[in-house]
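Colleague: Coordinates for the following, if possible.
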Amino acid sequence: MASDTVLSRRAVLIGVGGGALALCLAGCGAATGPKDSSSAGSSAAAGTATIEVADVPVGSGAIVGQYVVTQPTQGTFVAFSYLCTHQNLPVQEVSDTAIVCGRHGSTFSLADGSAITGPATEPLAAATVIRTGDTLTIS
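Modeller: A predicted model of the protein is given here:
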């Protein structure tokens, strides 16, 4: 009888440990991307986003919808996909020196989206920017 009790405890401990491990691994899934407040300006049309010119600082930029729009020099606007080319996850910020993917440290040029530091080696995918008055439409 004593061996039956040991097996039961062992089975319970294995079951609890396995369940805890499964729960921990489920929490390690891929992130869904940042909830950026500037995405509120996104157009309802799929694949486009809008932002006011005043919301894109000279020498920096902003994340809007699924894009990064920058103004590397006064009056010049360029845009890229916000998906880092390292693991296809969204970048987190635009600083005054680069587009930054904080997950693994990749940075990209504000002017052309090229990789500055890795692990990413490919540039961000280019997008189209159309200026209409004080509004930029990115697609």
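
Colleague: Quick check: residue 55 vs residue 104, distance?
Modeller: Residue 55 sits 28 Å away from residue 104, going by Cβ to Cβ, to the nearest Å. All C-beta spots, glycine's among them, are computed from the backbone N, C-alpha and C.

Colleague: Check residue 94 too.
Modeller: 17 Å.

Colleague: Looking at these two now, which is surrounded by more residues?
Modeller: residue 94 (21 against 13; other Cβ atoms under 10 Å).

Colleague: Contact partners for the more buried one?
Modeller: 60, 61, 62, 63, 68, 70, 100, 110 (Cβ atoms under 8 Å, 6 or more residues apart in numbering).

Colleague: Could you check the pLDDT of the closest residue to residue 98 other than its chain neighbours?
Modeller: Take residue 98 and drop its neighbours on the chain: the residue closest to it by Cβ to Cβ, 6 or more residues apart in numbering is residue 107, 3.9 Å away. Residue 107 is assigned a pLDDT of 94 by the prediction.

Colleague: ok, now residue 23?
Modeller: 45.

Colleague: same question, residue 36
Modeller: Looking at residue 36, its pLDDT stands at 39.

Colleague: One more: residue 3?
Modeller: For residue 3, pLDDT reads 50.

Colleague: quick one on the thing from earlier: residues in a beta bridge with the residue nearest to residue 98, which ones?
Modeller: Taking DSSP bridges as the rule, residue 107 bridges to residue 100, residue 117.

Colleague: right, and residue 91 touches residue 107 too?
Modeller: No - at 9.1 Å, residue 91 does not count as touching residue 107 under the criterion of Cβ atoms under 8 Å.

Colleague: what do the two both touch?
Modeller: Common neighbours of residue 91 and residue 107 (Cβ under 8 Å, 6+ apart) are 99, 100, 101.

Colleague: Give me the number of neighbouring residues for the first one.
Modeller: By other Cβ under 10 Å, the residues close to residue 99 number 26.

Colleague: where does the protein have its least confident helix or strand?
Modeller: helix 2-26 (a mean of 53; mean pLDDT, DSSP states H and E).
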